[in-house]
Structure formats: C-alpha cells, structure tokens
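**Student:** Turn this into a structure:
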Amino acid sequence: MVQTLKASKVNLGDLREQFGLTLSNDPLFFPEWQSALGSKDVITAAEHEALKRVKSNFQNLVEAPPLLEGAVKMVVLSPLLDLAGFYQPPFRIKTEATISISSPDEEEGVLIKGEIDVLVIMEALWMLVIESKMSDFSLLKAFPQALSYMMASSKAITFGLITNGNDFIFLKLDRERTPQYATSRVFSLLTPGHELIEVLQILKHLGHRIAN
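**Tutor:** Purely as a prediction, here's the structure:
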C-alpha cells in the first residue's frame, strides 16, 4: 500500500519510518554543489552588480521590520531565478500550495507565524521560500516539507533549495535504491563576502543538469 503524508504535517522521523529516508554522510553523494563552485560558469560583471543590488534591497527591508508580505520571494528569489535563466525555455515553473508554519519566541513569549511557498522547476528542482515578518525562521523548519515534495517526484534524483532570505541551503535526494539525501553548506547574506554569487553558480549548474 502506498503511503502518503501531508507536507504541512510531516517531519523527518515520519519520512524515515515510512519511506526509509536517511541522511547520507558520504562526501561524494552530493558533488554537484561543490563542482559548481569550481566550474567554468563565469558570473558576469552585470550579474555581480545585480546580485549586489539583491543583497542591498533585502538588507534594507530587514532593517525596517516587519517585512513586506512575500518579500523573500519578490526581492531575493525572483531575481535569482531570472539570473539563472529559469524563466526561459526549456525550464517550466509551477507552484504548490503554501504551507503554514509557526515557532515560539521564548524571549518575547509570542508565537511567530510564517509560510513556506513552494516552487518546482521541471519536477527536478524544488524551491522552498520561508516567508515571515520576522525573517528569522530556521531553514530546518522547511527540511521535511522539501523532502516530502521531492519524494513525490517522478524523477529518482531531485534537488532542492531552501531560503529564508538571509540564508540558503541546497539539498539532493536520490531514490534509486534506498532513499537518501544530503545537503550543501549554508550560504548566508550575513557573512563577509558575497555568497549570493555562489548561490547563483550552483543554481546555474543545477539548471544545466536538469535541462539535459
């Protein structure tokens, strides 16, 4: 009997128990994100400037909370998708139902609410955007949702990106044998340097992979 789980209710334990999903510790399991950083895909001067503007725009919004509704998708993700070429053929983007999330803020004694917007490109690359007026949800909040959507794909190998606007992490899921997943390191707008460049490099590399 086929097991199904609602993405809004699932946790990593559910995925492990019902589908046998495990985290791979093999450094060779997810080479795509690392090879992208050493690839010959050059980020142009114009793309550098566009990424600087994306970072500046989002930081300006964060400094004057609450964030606009949909700010992460509008200000951060949409420009990245454009620069990576995902709005042009052969790519096709569709959306999934928004997922509601919440997290207690113990210092303030309140319940912070947010939403996860889901985009999928060619049933091979899933993007989950955590939207919250406080912009401080952990990326871990969206791990189970991302993996549950990826598990439902018709493709054996799929990739994911989770972002809350400040931070970015990539995932890979392989269902060819026993389902396994692994992650990249976290890329952040808050670290010195300009890690959006690396995020764009990985997106372009994954785009080439899923288009071929």
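
**Student:** doesn't residue 80 fall inside a strand?
**Tutor:** No: secondary structure of residue 80 (DSSP: H, G, I helix; E, B strand; the rest coil): helix, not part of a strand.

**Student:** ok, and what's touching the helix or strand residue 143 falls within?
**Tutor:** Using DSSP states H and E, the element containing residue 143 is helix 143-151. Helix 143-151 has contacts (Cβ atoms under 8 Å, 6 or more residues apart in numbering) with 5, 7-8, 10-12, 14-15, 19, 21, 96, 99, 116, 118, 120, 126, 128, 158-160, 162, 171, 173, 175, 179, 181. Glycine gets a C-beta too; all of them are placed from N, C-alpha and C.

**Student:** can you check stretch 175-189 too?
**Tutor:** Outside stretch 175-189, the residues within contact range by Cβ under 8 Å, 6+ apart are 19-26, 29-30, 33-34, 55, 58-59, 139, 147, 150-151, 156-157, 165-174, 195-196, 198-199, 202.

**Student:** Give me the residue ranges of the chain where confidence is low.
**Tutor:** When residues are selected by pLDDT under 70, those of the chain lie in 1-9, 40-41, 97-114, 133-137.

**Student:** where do the helices sit along this structure?
**Tutor:** Taking DSSP state H, the helices of the chain run over residues 12-19, 32-37, 45-62, 71, 78-83, 143-151, 196-211.

**Student:** Including mean neighbour count and distance to residue 92, could these go into CSV?
**Tutor:** Conversion of these to CSV gives the following (neighbours: other Cβ atoms under 10 Å; distance: least, Cβ to Cβ, whole Å):
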stretch, mean neighbour count, distance to residue 92
helix 12-19, 14, 27
helix 32-37, 17, 21
helix 45-62, 15, 23
helix 71, 20, 25
helix 78-83, 18, 12
helix 143-151, 23, 16
helix 196-211, 20, 11
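
**Student:** want to throw those helices into a markdown table with distance to residue 186?
**Tutor:** Compiled in a markdown table, the helices of the chain are given as follows (distance: least, Cβ to Cβ, whole Å):
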| stretch | distance to residue 186 |
| --- | --- |
| helix 12-19 | 17 |
| helix 32-37 | 11 |
| helix 45-62 | 16 |
| helix 71 | 20 |
| helix 78-83 | 16 |
| helix 143-151 | 12 |
| helix 196-211 | 11 |
